[in-house]
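K.L.:
Take a look and give me a structure for this.
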Amino acid sequence: MIEFFDEAGNEAVFCHDGHTLYLWNGKAAAFIHDDKVYAYDGRFIGWADRGWISDEEGACLLFEHDAVGGPQKPRRRTKTTPGPRGPKLARAELQHAPPRPKALAVWSSRIFADLI
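P.N.:
Residues are numbered from 1 along each chain as shown. Alright, predicted model coming up:
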(Lines give C-alpha, C1' and ligand atoms only; values in the text may rest on other atoms or scores of the structure.)
Protein backbone atom coordinates (compact mmCIF):
# COMPACT_ATOMS: atom_id res chain seq x y z
CA MET A 1 0.00 0.00 0.00
CA ILE A 2 1.28 3.44 -0.92
CA GLU A 3 0.38 6.21 1.50
CA PHE A 4 0.40 9.88 0.60
CA PHE A 5 0.67 12.80 3.01
CA ASP A 6 -0.04 16.50 2.66
CA GLU A 7 2.11 19.56 3.31
CA ALA A 8 1.40 19.38 7.06
CA GLY A 9 2.38 15.70 7.25
CA ASN A 10 -1.22 14.52 7.63
CA GLU A 11 -2.39 11.30 6.02
CA ALA A 12 -4.32 12.14 2.86
CA VAL A 13 -4.81 9.25 0.42
CA PHE A 14 -3.70 5.67 -0.07
CA CYS A 15 -3.31 3.43 -3.08
CA HIS A 16 -3.40 -0.39 -3.19
CA ASP A 17 -3.20 -1.09 -6.91
CA GLY A 18 -0.93 1.64 -8.25
CA HIS A 19 -3.88 3.41 -9.85
CA THR A 20 -6.83 4.07 -7.53
CA LEU A 21 -6.43 6.82 -4.92
CA TYR A 22 -8.66 6.51 -1.86
CA LEU A 23 -9.20 9.22 0.72
CA TRP A 24 -8.14 8.05 4.16
CA ASN A 25 -11.78 7.27 5.01
CA GLY A 26 -11.83 4.71 2.16
CA LYS A 27 -13.80 6.67 -0.44
CA ALA A 28 -12.47 6.26 -3.99
CA ALA A 29 -11.29 9.76 -4.88
CA ALA A 30 -9.20 9.77 -8.05
CA PHE A 31 -7.05 7.56 -10.22
CA ILE A 32 -3.68 7.58 -11.93
CA HIS A 33 -3.53 6.93 -15.68
CA ASP A 34 -0.18 7.23 -17.50
CA ASP A 35 1.29 9.35 -14.66
CA LYS A 36 -1.69 11.73 -14.85
CA VAL A 37 -4.14 12.09 -11.96
CA TYR A 38 -7.84 12.38 -12.75
CA ALA A 39 -11.03 12.79 -10.72
CA TYR A 40 -13.67 10.18 -11.57
CA ASP A 41 -15.68 12.81 -13.46
CA GLY A 42 -12.74 12.94 -15.92
CA ARG A 43 -11.25 16.26 -14.75
CA PHE A 44 -7.48 16.43 -14.92
CA ILE A 45 -6.06 17.08 -11.43
CA GLY A 46 -2.31 16.82 -11.87
CA TRP A 47 0.68 14.55 -12.16
CA ALA A 48 2.12 11.54 -10.30
CA ASP A 49 5.89 11.31 -10.44
CA ARG A 50 8.84 10.37 -8.20
CA GLY A 51 6.55 9.81 -5.19
CA TRP A 52 4.78 13.15 -5.55
CA ILE A 53 1.32 14.13 -6.69
CA SER A 54 1.49 17.63 -8.10
CA ASP A 55 -1.10 20.03 -9.46
CA GLU A 56 -1.39 20.98 -13.14
CA GLU A 57 1.26 23.68 -12.69
CA GLY A 58 3.82 21.30 -11.17
CA ALA A 59 3.51 22.42 -7.52
CA CYS A 60 3.34 19.58 -4.98
CA LEU A 61 0.07 18.46 -3.39
CA LEU A 62 0.98 15.14 -1.72
CA PHE A 63 4.04 12.98 -1.09
CA GLU A 64 4.86 9.41 -0.19
CA HIS A 65 7.57 8.67 2.36
CA ASP A 66 10.31 8.00 -0.20
CA ALA A 67 9.44 10.80 -2.65
CA VAL A 68 12.45 12.20 -4.51
CA GLY A 69 13.06 15.92 -5.04
CA GLY A 70 10.28 18.42 -4.40
CA PRO A 71 10.00 20.78 -1.44
CA GLN A 72 11.10 19.84 2.04
CA LYS A 73 8.81 17.15 3.37
CA PRO A 74 7.29 17.70 6.80
CA ARG A 75 7.55 15.12 9.53
CA ARG A 76 4.64 12.74 9.12
CA ARG A 77 2.13 12.91 11.94
CA THR A 78 0.84 9.87 13.74
CA LYS A 79 -0.88 7.68 11.22
CA THR A 80 -4.27 6.08 11.77
CA THR A 81 -5.59 3.01 10.01
CA PRO A 82 -7.23 3.88 6.69
CA GLY A 83 -10.89 3.08 6.25
CA PRO A 84 -12.10 0.10 4.24
CA ARG A 85 -11.85 0.68 0.51
CA GLY A 86 -15.15 1.69 -0.99
CA PRO A 87 -16.23 0.80 -4.51
CA LYS A 88 -14.40 2.29 -7.45
CA LEU A 89 -16.53 4.76 -9.33
CA ALA A 90 -17.25 4.74 -13.05
CA ARG A 91 -14.73 6.77 -15.00
CA ALA A 92 -15.99 9.54 -17.23
CA GLU A 93 -14.26 10.55 -20.45
CA LEU A 94 -10.85 11.94 -19.58
CA GLN A 95 -10.17 15.64 -20.00
CA HIS A 96 -7.16 16.46 -22.13
CA ALA A 97 -4.09 17.01 -19.94
CA PRO A 98 -2.02 20.14 -20.51
CA PRO A 99 1.65 19.82 -21.42
CA ARG A 100 3.62 18.55 -18.46
CA PRO A 101 5.24 21.45 -16.59
CA LYS A 102 8.62 21.38 -14.95
CA ALA A 103 8.36 19.82 -11.49
CA LEU A 104 8.49 22.59 -8.91
CA ALA A 105 10.10 22.31 -5.48
CA VAL A 106 7.23 24.22 -3.87
CA TRP A 107 3.96 23.28 -2.24
CA SER A 108 0.74 24.00 -4.08
CA SER A 109 -1.73 26.46 -2.57
CA ARG A 110 -4.43 23.94 -3.46
CA ILE A 111 -5.69 21.05 -1.32
CA PHE A 112 -5.98 17.66 -2.97
CA ALA A 113 -9.38 16.80 -1.44
CA ASP A 114 -10.80 20.06 -2.83
CA LEU A 115 -9.76 19.07 -6.37
CA ILE A 116 -11.84 15.92 -6.46
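K.L.:
C-alpha from now on. contacts and neighbour counts both.
P.N.:
Fine.
K.L.:
before we move on, what SS does H96 have?
P.N.:
Following DSSP: H, G, I helix; E, B strand; the rest coil, the label given to H96 is coil.
K.L.:
Please determine how far the residue lying closest to it once chain neighbours are set aside is located from T78.
P.N.:
Spatial nearest neighbour of H96, chain neighbours left out: F44 (7.2 Å); criterion: C-alpha to C-alpha, 6 or more residues apart in numbering. F44 sits 31 Å away from T78, going by C-alpha to C-alpha, to the nearest Å.
K.L.:
Quickly note the distance from V68 to A105.
P.N.:
Distance of V68 to A105, computed by C-alpha to C-alpha: 10 Å.
K.L.:
Break down this protein into its strands, ranges please.
P.N.:
Secondary structure of the chain by DSSP state E: the strands cover 2-5, 11-15, 20-23, 28-33, 36-39, 44-49, 52-55, 60-63.
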